[in-house]
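Engineer: Please find the sequence and the predicted model below.
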Amino acid sequence: MRDLIGYGENPPVVGWPGGAKVAVSLVLNYEEGAESAIADGDARDEDISIFGGWSADPTKRSLMKESFFEYGSRVGIWRYLGMFRSFGVRSTVMACGAALERNPEAARAIVRDGHEICGHGYKWRGLVGMTPDEQRTEIRTAVDAIERVAGVRPQGWYVREGITEETRDILVEEGFLYDSNSYSDDLPYYVETAHGPHLVVPYSGDTNDARFWGTGSLGSPDDFFSVLKDSLDCLLAEAEEVPRMMSVGIHLRIGGRPSVAMAVRRFLAYAQSQEGVLFATREEIARWWLEQAPATSPLAVEGASR
């Protein structure tokens, strides 16, 4: 059953480490090489629009469309790893297993720099329409690929186009700490599964560079910076009463381009100039929430409809 009430008017007051007011989760989406591609044996190329609406026939191979994706793994990942090193911040990399297999050097560098790898499927696709057994296979295949290439086991899960009613039961069975297939809140929250409570660390579609893609609503890097800055300012103001969380979504083939990356660089500088901002991986946020507001505590359900 859908929960349209959540925490209601009384969200839990869960302080962040060091007394921070807002925990900012930087997310790099690493999908390049995992998209549907005729060159990789798929029946169709990824059916997307790029460059303001241009799209090639997905039933025929397009080297130009392939090159759009390739930018993310050839250039974008290195641009962001360097940027994050310079600012001393860590991110969560939502990575497809197939994408990391095709660039093991990048996979190792992500872990070397202390970033979290979150499972993003094996291929760049969702689980909707899959049977529970098919979902379990997809999840395990992704985890095996990430472990083999990067040497770490993902603790979180997020996939394109969503999950089914059975997915969270499977994630708990498979030992996942959290998932992020939700856009419903500014704070983590618990959902019930067949195996007990499961933590959701929600994501965001507005503070996300996907809005540049195709007919997206962002027209310039200045627009993106304004969205990020205003979002943080709003959450900082609200955090005087209730600490908040903010997600920033970056796709390496989009946000990895110089102009958009510059907007993210400006945002990092601005955020670090503000008192009470904490940069944390989603795993760190999940572990902190599980410790400070376990599912059995009054904090976890205060104001919520259960």
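Structural biologist: Perfect, I can see it now. Numbers count the residues shown, from 1 in each chain.
Engineer: Can you list the low-confidence ranges for the stretch 201-306 of the chain?
Structural biologist: Along the stretch 201-306 of the chain, segments meeting pLDDT under 70 span 214-215, 301-306.
Engineer: In contact with Tyr30, which residues are there?
Structural biologist: 72-73, 77, 93-96, 99-100, 106, 110, 120, 252 (C-beta atoms under 8 Å, 6 or more residues apart in numbering). In short, each C-beta sits where N, CA and C put it, glycine included.
Engineer: Read off the pLDDT value for it.
Structural biologist: Tyr30 carries a pLDDT score of 98 in this model.
Engineer: That one bridge partners, please.
Structural biologist: Tyr30 has these beta-bridge partners by DSSP bridges: Ala95.
Engineer: Show the backbone phi and psi for Ala145.
Structural biologist: phi -70, psi -40 (degrees, to the nearest 10).
Engineer: buried stuff in stretch 261-276?
Structural biologist: Residues Ala261, Ala263, Val264, Arg265, Arg266, Phe267, Leu268, Ala271 are the ones in stretch 261-276 that count as buried (16 or more other C-beta atoms under 10 Å).
Engineer: does the closest residue to Val242 other than its chain neighbours belong to a helix or a strand, and which?
Structural biologist: With C-beta to C-beta, 6 or more residues apart in numbering as the criterion, Val242 has its nearest non-adjacent residue at 5.1 Å, and that residue is Pro11. Using DSSP states H and E, Pro11 falls within no helix or strand.
Engineer: just checking, Pro11 touches Leu187?
Structural biologist: Yes - with contacts defined as C-beta atoms under 8 Å, Pro11 counts as touching Leu187 at a distance of 5.9 Å.
Engineer: mind checking how far Tyr253 is from Lys60?
Structural biologist: Actually, residue 253 is Arg. It isn't Tyr. Taking C-beta to C-beta, to the nearest Å as the measure, Arg253 falls 21 Å from Lys60.
Engineer: Comparing these two, which residue is more hemmed in?
Structural biologist: Taking neighbours as other C-beta atoms under 10 Å, Arg253 and Lys60 compare with Arg253 leading, 25 against 9.
Engineer: so who does that one touch?
Structural biologist: Neighbouring residues of Arg253 by C-beta under 8 Å, 6+ apart: Glu31, Glu32, Phe68, Phe69, Glu70, Tyr71, Gly72, Gly76.
Engineer: What of Val152?
Structural biologist: If a contact means C-beta under 8 Å, 6+ apart, then Val152 has Val111, Ile117, Ile146 as its contacts.
Engineer: If we use 10 Å, what do you get?
Structural biologist: Neighbour list for Val152: Ala107, Ile110, Val111, His115, Glu116, Ile117, Ile146 [criterion: C-beta atoms under 10 Å, 6 or more residues apart in numbering].
Engineer: So Tyr158 is in contact with Asn29, correct?
Structural biologist: Yes - counting by C-beta atoms under 10 Å, Tyr158 sits close enough to Asn29 to count as a contact (8.9 Å).
Engineer: Compare these two and say which is more crowded by neighbours.
Structural biologist: Taking neighbours as other C-beta under 10 Å, Tyr158 and Asn29 compare with Asn29 leading, 27 against 24.
Engineer: what about the nearest residue to the more buried one once chain neighbours are set aside, neighbour count?
Structural biologist: Nearest non-adjacent residue to Asn29, counting by C-beta to C-beta, 6+ apart: His251, 4.6 Å away. Around His251 there are 23 other residues, counting by other C-beta under 10 Å.
Engineer: Okay, His251 and Trp213: tell me how far apart.
Structural biologist: 8 Å.
Engineer: ok, Pro243 to Arg125 distance?
Structural biologist: Distance from Pro243 to Arg125, counting by C-beta to C-beta: 35 Å.
Engineer: repeat for Glu70
Structural biologist: The spacing between Glu70 and Arg125, counted by C-beta to C-beta, is 19 Å.
Engineer: quick revisit: how close does the residue nearest to Val242 sit to Ser184?
Structural biologist: Pro11 sits at a distance of 13 Å from Ser184 (criterion: C-beta to C-beta).
Engineer: go on, Arg153?
Structural biologist: Arg153 is 27 Å from Ser184, where distance means C-beta to C-beta.
Engineer: same thing with Leu81?
Structural biologist: 31 Å.
Engineer: Thank you, goodbye.
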